[in-house]
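J.: sequence below, structure please.
(3 chains)
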Amino acid sequence: MSGIAGKAVGQKQEKGLKGIRDTGLEEARLHAFLAHAWQTPKGLYGWLVTVDHKLIGRRYMVTAFLFLVLAGLSALAMRFQLATPEAGHIGPDFYNQLFTMHGTTMMFLFAVPIMEAFAIYLVPLMIGTRNVAFPRLNAFSYWVYLSGGLMIWIAFAFDTGADAGWFSYVPVAGPEYGIGKRPDFWAQMVTYTEVSALAVAVEIIATVFKQRAPGMTLDRIPLYVWSVLIMAFVILFAMPAVMVSSTMLILDRLVGTKFFDPAAGGDVLLWQHLFWFFGHPEVYIIFIPATGFVSAILPTFVRRPVFGYLGIVLSLIAIGLLSFGLWVHHMFATGLPQLGESFFTASSMMIAIPSGIQIFCWIAAIWGGRPIFATPMLFVLGFIFTFVIGGLTGVMVASVPLDLQVHDTYFVVAHLHYVLIGGAVFPLLGAVYYWFPKITGRMLSERLGRWNFWLVFIGFNLTFFPMHILGLQGMPRRVYTYPPASGWGEMNLFVSVSSLVVFAGFALFFLNVLLSLRGGSIAGDNPWGASTLEWATTSPPPSYDFSRLPVVRHREPLWDEPDTLPVVEGLRVDAREVLASTVADAVPQLRQPSAGNSIWPLLSAIAVGGAFLGSIYTPWAVVWGAIPVSISFICWFWPKGEPEDEE
Amino acid sequence: MRHRPVADVSHLPTYDFGAASPMWWGTLAFIALEATGFALAIGTYFYLAVLAKHWPIGAPAPDLLPGTTILIMLLASVVPNHLVELWARRQDLTKVRIGIVIMSIAGILPLIVRIWEFPALRISWDQNAYGSIVWFLLGLHTSHLLTDVMDTIVLAVLMFTQKGKAGRRLSDVSDNAFYWDFVVVSWVVLYLIIYWVPRI
Amino acid sequence: MVTMAMALFHRRRARAGHPPLRIDNHRERRFGRAVVGATASTVLILAALTLTSFFAGRSVASLSGTATLTVRITGHQWWWEIRYPGDNPSRMIVTANEIHVPVGEPVKIKLDSPDVIHSFWVPALGGKRDLIPGRPSELTLIADKPGVYRGQCAEFCGYQHAHMAITVIAESREAFDMWRSRQDAAAAAPVGDEERRGQQAFLSTGCALCHTVRGTPANGTIGPDLTHLASRRALAADTLAMTPGALAAWIADPQSTKPGAKMPRVALSADDLNAVATYLGSLE
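T.: This next block holds a predicted model:
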């Protein structure tokens, strides 16, 4: 520090201000100071202690995609078994683990984390700040997520993979019928990933509320950031439900509580209520940010702002709220009072309205713009097409009489994959093509991208459309085989073969990423001519994101003023500082110090992880585990004489 | 891209209290998610109570003494809690030091009484669903109480070191006071449910 | 979707980095009206669907109350226990995995489960209903045409969820009454030597601990009632067809056909095995 500080002597600085400020500092020195203040140490140690939201976001992305590969491979294995009736490749014991791991991994370890990953990476860049509000909490959340994912897959490798479905209904997962320690690993993995998701939700809310660039009033927040903010709120109110229920499950299994035991006053449906109170919003936790991707990508490729900004924001809020009124539609077959059922039918239908408004707004934007058919745009169009079909079948399953017929059949398997792959994975792939240049500094190959899109799109429809028909013909879900006499054989074979096309599409995607990392053409700051702030900095962005923090005066700042960026001056450059502003009008309030690198988030995650893991075997692990957990948290928060403490 | 300075923020403070600070919003978000957890656990309590033919199942209503004692202690602690917050905002370090020591004690006392509160439920967690849910509610509250008391003690120690002098730490004290209010309010609700619902 | 295709192709294309378009306020207002119109029609369509769904649900619900026959179904891992309550408790028929019902008559089905959640579902006869431990439920079902309808457990219930099928046989009232009176009788006494040897082995090797054959000392209740086993169309919840070979193979090694099933492999000599299969095959 002293070396650089020495150079600053003689710099024209106003008297009475602590630290070195960026006011009037020439570019080269500004960068040198900031690079030093915001650096991540080199090597393994740096990798373990970093709190840079970009490094952590990238790490989240890579990890989530690895889990996608694992879950995808388990899907392929299932399709291999289901290709022919009464096939003997995979027995029920392994098959049940496979479909449980597939669903669990896709929902908890891929879909939600990948959405968080993009949020962690993009939100600070899009709102013009330098890091999330709680950088160490962010690092902690990654380590907790990683340990949860590793734990359940290592357990799977030792034949202790969860096998009661991603929803783990009791009593199949309960103390009497759950097999070995399998449901315990499931329950604790869920707890880990919920802890990490809740941490991310808290920091996203605080970041978006308090760290927006001066002038980024509520009606100038990019739609993607709105969507992420609403996702964070849905996480905040939905995830506690599954933490409560998975804790009750593990207590039932470990210390003999009776929450789900009907013989002792408990109830098995209690689990379903709690689980789906979380489980249905979960779908929207995945879907809402995916629509945010669409609203971010679309304007760039039709060369005009999205139509109906306010309409889209209100739709997102409506979806977030309504998502809590839907859970019972997973339970129509349990026999609830008819009035209650009607209420949930109505709310399930109602959620189609805000989704529809968004789609109409996007179509209007396409109509009024000039579309450019680059790969990100192809995925967006593929999304709109697929999502309309998924939405239609969704309206079908919202109706009680229809649902009673298709519930728990392949029709629902088809529906949910249309919604989740069509509704979330297509925009996600589009997002990867769109932001890859920002993240790596290089473009993905457009040629491979087109192949990638068409293979995935066609393969996806060939794989999942026939499942609607299989479901209507009566094929139930979660069966490891089916009788030859059922007549489902040919279509299942067709589905299995088609799934190879999807697989090839994804293989091409990963190939494209690997090739382009090295050989992609150099992107430049703003290769797509986009309008939001993340394109105002270099690709990849420096550790401090922006050398001077931007000021926003327009909803599309870079289209309003393409060549110059209005910025603020007066922040310290010798310490990590960001701006905190007011919640509604984004008027600067504080020069907020931002936490630096620390090993303690990792050690805390290890301590927390150890306590959770131990609790699978003995309740005392929680008691003894509390000691290292407390120590590591205290060390985490104990101030270590950072420069900002001087003030 | 060329930069064009349009505003000067060099004179802004580096910390403030309440809604101005991101940490306050973080605390609020944590309170919101924990309150959701409490609400769901309370929902479970009533769900099970409605299902059961008799409530409480196979046990007398819990003994009032320890729970009521804790209620009184927590309600009484609200006064020093708000004084500490006030002193922290006024940046009066001496008074904050006294106040936070009082708050540490005010946190430890109910924790000690709680040792007698679990047996006062007069049912074990593994007897039936009623036992499970009351232990769960009480356990949930105890973990919040414990966390906040530890946080208070750490802050108290910090206040007596050199590092406590930084103004930002006083902002932490004020956020901690905010969280303590949540611990108190949640106990008022849980107390009514655990002790008085079985009596109606 | 058509609109979208039109939107895509009626526009001139641009290139990346092309300067953003100017917004024409007049056109924007037109778009606004189009979006509002589309939204309004969505609302109307959804409201209509909701009402339809509500009335369809009501008509399904109003079926109950007129049933002429009651059948109790208990879901087990992984088979269906079926009871027809008689005029007095001793005349209750107990069978498994196969329901006979008279055509055109509403049948009340009472459902419960002692172990995990199962779901009763015969696609051709209508919706499904879960069998939930601690929460007995019921539904009413009518088969309008005679026939054999296959159903299957629709709620994941463990290892052999895939092999937990149920058959509904809808037949004329006369055929149904005949079936019922045959089921009412105790098991046929063994006639030949082979059958007698089979019964002996059946009673002495542990089969009887789990299975009941009315009219013999076998009165286990863990597995299906076998009193009229051979009158049923399939074995092990429609895992195998009811043939002598399949029966012998099933007894010889249930775990290879239906891994995880609760029926253990019982050590029997080859002769005993054949005899037991012959005996059970005679229980019509």
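
J.: please, where are all the strands along chain A?
T.: According to DSSP state E, chain A carries its strands in the segments A:564-569, A:577-581, A:588-593.

J.: who wins for proximity to A:Gly474 among those?
T.: strand A:577-581 (58.1 Å; C-beta to C-beta). To be clear about C-beta, it is placed using only N, CA and C from the backbone, and glycine gets the same treatment.

J.: who are the packing partners of the closest one?
T.: On a contact count with 3 or more C-beta pairs under 8 Å, 6 or more residues apart in numbering or on different chains; DSSP states H and E, strand A:577-581 meets strand A:588-593.

J.: would you mind writing the CA trace of the strand it packs on as CSV?
T.: Output of strand A:588-593 as CSV, limited to C-alpha atoms (Å, rounded to 0.1, in the frame of the first residue of the first chain):
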residue,chain,number,x,y,z
PRO,A,588,-26.6,9.3,-2.7
GLN,A,589,-26.5,9.1,1.1
LEU,A,590,-23.3,7.4,2.2
ARG,A,591,-19.9,6.4,1.0
GLN,A,592,-20.4,2.9,2.1
PRO,A,593,-17.3,0.8,2.9
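
J.: so is that strand next to chain B?
T.: Yes. Against chain B, strand A:588-593 shows contacts by C-beta under 8 Å from any C-beta of the partner chain at A:Pro588, A:Gln589, A:Leu590, A:Arg591, A:Gln592, A:Pro593.

J.: got a winner among those for most neighbours?
T.: When neighbours are counted by other C-beta atoms under 10 Å in any protein chain shown, A:Gln592 leads the residues of strand A:588-593 next to chain B with 29 neighbours.

J.: which one is that residue nearest to, not counting chain neighbours?
T.: Spatial nearest neighbour of A:Gln592, chain neighbours left out: A:Ala580 (4.1 Å); criterion: C-beta to C-beta, 6 or more residues apart in numbering or on different chains.

J.: would you pull up the residue in chain B closest to chain A?
T.: B:Ser10 (2.9 Å; C-beta to the nearest C-beta).

J.: where does pLDDT dip in the stretch 101-250 of chain C?
T.: C:127 (pLDDT under 70).

J.: could you pull out the strands for it?
T.: Secondary structure of the stretch 101-250 of chain C (DSSP state E, counting those that start in this stretch): strands located at C:107-112, C:118-120, C:129-131, C:137-141, C:147-152, C:165-171, C:234-235, C:240-241.

J.: other SSEs contacting the first one?
T.: Contacting strand C:107-112 under the criterion 3+ C-beta pairs under 8 Å, 6+ apart are the following elements: strand C:69-76, strand C:129-131, strand C:137-141.

J.: where does the chain dip in pLDDT?
T.: You didn't pick a chain, so chain A it is. Scanning chain A with the threshold set as pLDDT under 70 gives A:1-16, A:335-341, A:397-401, A:641-647.

J.: oops, wrong one, chain B.
T.: By pLDDT under 70, the low-scoring segments of chain B are B:164.

J.: helices of that one, residue ranges please.
T.: When secondary structure is read from DSSP state H, chain B shows helices at B:22-51, B:64-89, B:93-120, B:129-159, B:167-191.

J.: what does the stretch 101-250 of chain A give?
T.: Using DSSP state H, counting those that start in this stretch, the helices assigned to the stretch 101-250 of chain A run over residues A:112-126, A:135-157, A:182-210, A:223-254.

J.: is chain B within reach of the third one?
T.: Yes. Contact of helix A:182-210 with chain B (C-beta under 8 Å from any C-beta) involves A:Leu198, A:Ala201, A:Val202, A:Glu203, A:Ile205, A:Ala206, A:Thr207, A:Phe209, A:Lys210.

J.: next, see if the top helix by length along chain A gets close to chain B.
T.: Among all segments of chain A classified by DSSP H, the helix with the greatest residue count is helix A:268-302. Yes. In terms of C-beta under 8 Å from any C-beta, part of helix A:268-302 sits within range of chain B, namely A:Leu270, A:His273, A:Leu274, A:Phe277.

J.: looking at these, spot the one nearest chain C.
T.: When the residues of helix A:268-302 next to chain B are compared against chain C (criterion: C-beta to the nearest C-beta), the nearest one is A:Leu270, at 10.6 Å.
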